[in-house]
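S.K.: fold the stuff below for me.
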Amino acid sequence: MSHIVELWYTLDNVNETRWNMKRWLLRRTKVDTNRMAQDLGIREATARVLANRGVVDPQQARIFLAGKETSFRDALMMKDMEKSICMIKNAIITGKKITIYGDYDVDGVMSTVILYKGISACGGKVEYYLPHRQKEGYGLNTTAVEMLAEQGTELLFTCDNGIAALYEVDRAKELGMEVVILDHHEPVFVEEGGEIRELLPKADALIDPKQRACEYPFELFCAAGIAYRFVLALCQECSLSDAALKRELLVFAGIATVCDIVDLIDENRLLVRSALEAMEEEKNIGLCALLEVTELEKKAISEYHMGFIIGPCINAAGRLESAIQVVELFCTKDEIRAREIAKHLMELNNERKLLTQQAVWRAEEKIEAENILADSVFVIYDSQTHESVAGIVAGRIKDTYYRPVILLTDGEDGAKGSARSIEGYHVFEALLQQKDLFQRFGGHAMAAGLSLPHENISLLRERLNEVCALTEEQLTPILRIEKMLSLTEIDMHLANELKGLAPFGKENPSPLFASTNIVISRLDFIGKDKDILRMTLAEEKGSMRIQAISFDGYQKLKELLKELYPDEECDKIFSGGSLPFAMDFVYSIDINSYNGRHSVQLLIRDFRISK
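M.R.: Numbering: from 1, shown residues only. So this is what the prediction gives:
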């Protein structure tokens, strides 16, 4: 539906450092966006964004613009959904003990909470179990299965795991348990005679939209999103009407959907959009306590707050201690206990932040000291990094240097760690080619986990870089531009329309636009360290002025000026309040609110001197 045109040039008189360079790619579409804009009653720039996301059918576009949770398809279309509901309803009626077996990340915790509260509300005899990250690792394990059987579990209900637990499910069946699996991960498969055959656990019911036999037209839910749909259907089957419970579980599913970084399109986007609206009324004691300690209780919550403030506090428990306390937080009716847990989660997250930052600093030192900068794929070993933050650290290094990164630390039987990748480098396939070096590994295109003997680390680095085919162009960060705009096209109406395309996330990023030959008529340096650029922008032959801000452009602008002018003149220009040349900008369009006044503001993502 759309394709990309590259706005890529080098400046003869300016030599940007490798880490400052970005590729500007302009999206193109064959869709008549002017006609689309007229039909939908929106600006052409907004229509272009929709078309660039493949949203061109008028009905589909209207749902995107104004759709609610009521636009969901029938959950009973999912394979084994109806069967699972019948099994749980029967277990409730007969008084069987049900155990929810979750996971220690946000998605695993929230899907556990959703199922636990939903089944409890329907009268079920239900408990929950979450494995310990360091002691047990991800997913079902036979020790836990056998322990739960001894404790009287009659129906084992996994969430956010189980699709790959072939042996563990067999063991649960041997011990007399019924097993229901609710998962969203890819099934294990083998290739036989050129055909792919899925290896599925022999559970009594298996809900996973990614299994081939499932005909549900959308498969990109996180586990909590599926759990939410399950509970709604279960409540309907049990004739339970509870609007407050539905709203509460919707909010939990929305938080998990954002934090699990699934594609924010189609039903995922509708779910998060509805969850953000429901959050304004939500009174869950534990969530309110968490919002209070994170100083969010009086703010309008956005997907940013879910993903970068609420989510990390939830995740910190599973990383450094046990995630069971988070389930307790969201299930307790004791306000004092809720505040205690919420405060502890924030403290754990602060500890996690410190561990992460220290590990990032050490990794950057190693990159410089060990000549890793010359590599296309960074393989970094640091014995001091806590294994629970290895993935976060790998992601931070990847973002800074725009390289695939494997961050390794010490495990029980050697080195273990996480990989984070960039566009154009399928890290799982790259590791698969070196599978003889690993004890265990798994993952997908952009992320992976692995363990290997210490003596294989240097060999892994050597081999990966030897066969890496990434070009210099591919190793340059990309900014995808929706449309070239004149400043005269930007106003509050457009800003509000674009805001309506939120929530933003994977596959629905905040739209970026570009404008060329723009004059900086006023330049100020603000913030605590006076390193934030606040600018007034204008077109060379236009009278319109618009405010813009750049939070990370201070150093780049300084370097550009030093390339062009002698030091003395450079300093004079830098502090003079304007620039003597035109520039091109890439930006998002935002609304700045201050003292009850609202104005359009551009958030600058990158800039260059105009040709």
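S.K.: so how far is residue 470 from residue 398?
M.R.: According to CB to CB, to the nearest Å, residue 398 and residue 470 sit 13 Å apart. In short, each C-beta sits where N, CA and C put it, glycine included.
S.K.: cool, and residue 160?
M.R.: 33 Å.
S.K.: tell me which of those two has more neighbours.
M.R.: Of the pair residue 160 and residue 470, residue 160 is the one with more neighbours under other CB atoms under 10 Å, namely 31 against 15.
S.K.: list the contacts for the more buried one?
M.R.: Each residue near residue 160 by CB atoms under 8 Å, 6 or more residues apart in numbering is listed here: 102-103, 105, 107-108, 111-112, 182-184, 222-224.
S.K.: ok, now residue 299?
M.R.: Contact analysis of residue 299 by CB under 8 Å, 6+ apart lists residue 305.
S.K.: what secondary structure does it sit in?
M.R.: Using DSSP: H, G, I helix; E, B strand; the rest coil, the structure places residue 299 in coil.
S.K.: shared neighbours of residue 398 and residue 470, anything?
M.R.: Shared contacts of residue 398 and residue 470, defined by CB under 8 Å, 6+ apart, comprise residue 404.
S.K.: for the biggest helix by length in the chain, name the packing helices and strands.
M.R.: Scanning the chain for the helix with the most residues, using DSSP state H, yields helix 335-369. Packing partners of helix 335-369 (3 or more CB pairs under 8 Å, 6 or more residues apart in numbering; DSSP states H and E): helix 285-293, helix 311-320, helix 324-331, strand 378-381, helix 390-401.
S.K.: could you dump those to JSON lines with distance to residue 585?
M.R.: Shown next, in JSON lines, are the helices and strands packed on helix 335-369 (distance: least, CB to CB, whole Å):
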{"stretch": "helix 285-293", "distance to residue 585": "36"}
{"stretch": "helix 311-320", "distance to residue 585": "31"}
{"stretch": "helix 324-331", "distance to residue 585": "42"}
{"stretch": "strand 378-381", "distance to residue 585": "31"}
{"stretch": "helix 390-401", "distance to residue 585": "21"}
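S.K.: so which of the ones you listed gets nearest residue 210?
M.R.: Among these, the nearest to residue 210 by CB to CB is helix 390-401 (21.7 Å).
S.K.: dump that closest one to CSV, keeping only the CA atoms.
M.R.: Output in CSV follows, covering the C-alpha atoms of helix 390-401 (Å, rounded to 0.1, in the frame of the first residue of the first chain):
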residue,chain,number,x,y,z
ALA,A,390,20.7,-7.9,30.9
GLY,A,391,17.9,-7.4,28.4
ILE,A,392,17.3,-3.8,29.4
VAL,A,393,21.1,-3.0,29.2
ALA,A,394,21.4,-4.7,25.8
GLY,A,395,18.4,-2.5,24.7
ARG,A,396,20.0,0.7,26.0
ILE,A,397,23.3,-0.1,24.2
LYS,A,398,21.5,-1.0,21.0
ASP,A,399,19.7,2.4,21.1
THR,A,400,22.9,4.4,21.8
TYR,A,401,25.1,2.7,19.1
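S.K.: neighbouring contacts of that helix?
M.R.: Contact with helix 390-401 is made by 19, 356, 359-360, 363-364, 367, 373, 378, 380, 385, 403-409, 416-422, 447, 449, as judged by CB under 8 Å, 6+ apart.
S.K.: quick one: residue 593 from residue 504, how far?
M.R.: With CB to CB as the criterion, residue 593 and residue 504 are 18 Å apart.
S.K.: nope, residue 305 is what I was after
M.R.: Look at residue 305 and residue 504: by CB to CB, they are 13 Å apart.
S.K.: what residues sit buried inside stretch 432-449?
M.R.: Residues 434, 437, 438, 441, 442, 443, 446, 447, 448, 449 are the ones in stretch 432-449 that count as buried (16 or more other CB atoms under 10 Å).
S.K.: what about these, which are in strands?
M.R.: In strands, judged by DSSP state E, the following of these are found: 441, 442, 443, 447, 448, 449.
S.K.: show me what the second one is bridged to.
M.R.: Counting by DSSP bridges, residue 442 is bridged to residue 449.
S.K.: show me the contacts for residue 500.
M.R.: The neighbours of residue 500, taking CB under 8 Å, 6+ apart as the test, are residue 65.
S.K.: now for the buried residues of stretch 432-449: which two are most distant?
M.R.: Within these, two members stand farthest from each other by CB to CB: 437 and 446, at 20.6 Å.
S.K.: could you check which helix or strand contains the residue nearest to the spatial centre of the chain?
M.R.: With distances taken as CA atoms, centre = their mean, the chain has residue 261 as the residue nearest its mean C-alpha position (2.7 Å). In the assignment (DSSP states H and E), residue 261 maps to no helix and no strand.
S.K.: what residues are up against the closest residue to it other than its chain neighbours?
M.R.: Leaving aside its sequence neighbours, residue 261 sits nearest to residue 506 (CB to CB, 6 or more residues apart in numbering; 5.5 Å). Listed by CB under 8 Å, 6+ apart, the contact set of residue 506 reads 261, 262, 263, 264.
S.K.: from these, pick the one nearest residue 586.
M.R.: Closest approach between the contacts of residue 506 and residue 586, by CB to CB: residue 264, at 21.4 Å.
S.K.: the least confident helix or strand in the chain by mean pLDDT: what's the following helix or strand?
M.R.: Taking mean pLDDT, DSSP states H and E as the measure, the helix or strand of the chain with the lowest value is strand 2-7, at a mean of 52. Later in the chain than strand 2-7, the nearest helix or strand by DSSP H and E is strand 23-29.
S.K.: just the buried ones from the contacts of helix 390-401?
M.R.: Among those, the ones that count as buried by 16+ other CB under 10 Å are 356, 359-360, 363-364, 367, 378, 380, 385, 403-409, 416-422, 447, 449.
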